[in-house]
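*Asks:* Sequence first, then the predicted structure, then my questions.
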Amino acid sequence: MDLNDQIARCRLMVSLVAVDEKITDEEAMFLRRTFERMGVTEQEMGLVMEKHSESAAVAVIKGLDRVDRLEVLDDLSYAAFADGHLDEHEKNYIERMAQELDLDEQDVAEALGRAKALH
């Protein structure tokens with residue numbers, strides 16, 4: 001994945017952790033570590049949040065192959081469990097993103113299972 005793909009991936013994770021209208025310290029720390037690992041600076045992410053919509057990020061991710069889209073689903077699942085639990089808003093967001101990325105319920109169940117196992 002190139003930087004544009006990574007930024008789109010991060011954009012979706014930010015949307016996910018904000019879906020319940022609060023970002024916990026654990027979620028913020030998870031995002032910072034993930035951005036760092038992906039080579040996306042906080043400054044770059046700030047610009048993306050201002051200028052790129054969630055739908056633009058989905059369009060970028062949708063163009064990736066299935067393996068990469070599954071990795072994005074895993075990232076979303078790990079982000080959802082960053083604060084130790086999965087709430088209904090986060091689960092609904094993940095299910096909606098999976099559908100938009102042409103992934104199925106089995107893919108969602110497996111990704112959430114992997115994320116839950118880490119917490």
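*Replies:* Thanks, I have it.
*Asks:* Show the residue spans covered by the helices in the protein.
*Replies:* For the chain, applying DSSP state H gives helices covering 3-18, 25-38, 42-51, 54-62, 66-80, 88-100, 105-117.
*Asks:* so for stretch 101-109, what's the average pLDDT?
*Replies:* For stretch 101-109, the per-residue pLDDT values average out at 97.
*Asks:* er, stretch 28-46 I mean
*Replies:* Here the average pLDDT along stretch 28-46 is 84.
*Asks:* How many neighbouring residues does the nearest residue to Thr24 once chain neighbours are set aside have?
*Replies:* Excluding the flanking residues, the one nearest Thr24 by C-beta to C-beta, 6 or more residues apart in numbering is Asp83, at 4.4 Å. Every C-beta, even on glycine, is put in place using the N, C-alpha and C of the backbone. Asp83 has 21 neighbouring residues, counting by other C-beta atoms under 10 Å.
*Asks:* Same check on Ala8?
*Replies:* 24.
*Asks:* related to what we said a few turns ago, now for the residue nearest to Thr24: which residues touch it?
*Replies:* 24, 26-27 (C-beta atoms under 8 Å, 6 or more residues apart in numbering).
*Asks:* how much space between it and Val67?
*Replies:* From Asp83 across to Val67, the span is 28 Å (C-beta to C-beta, to the nearest Å).
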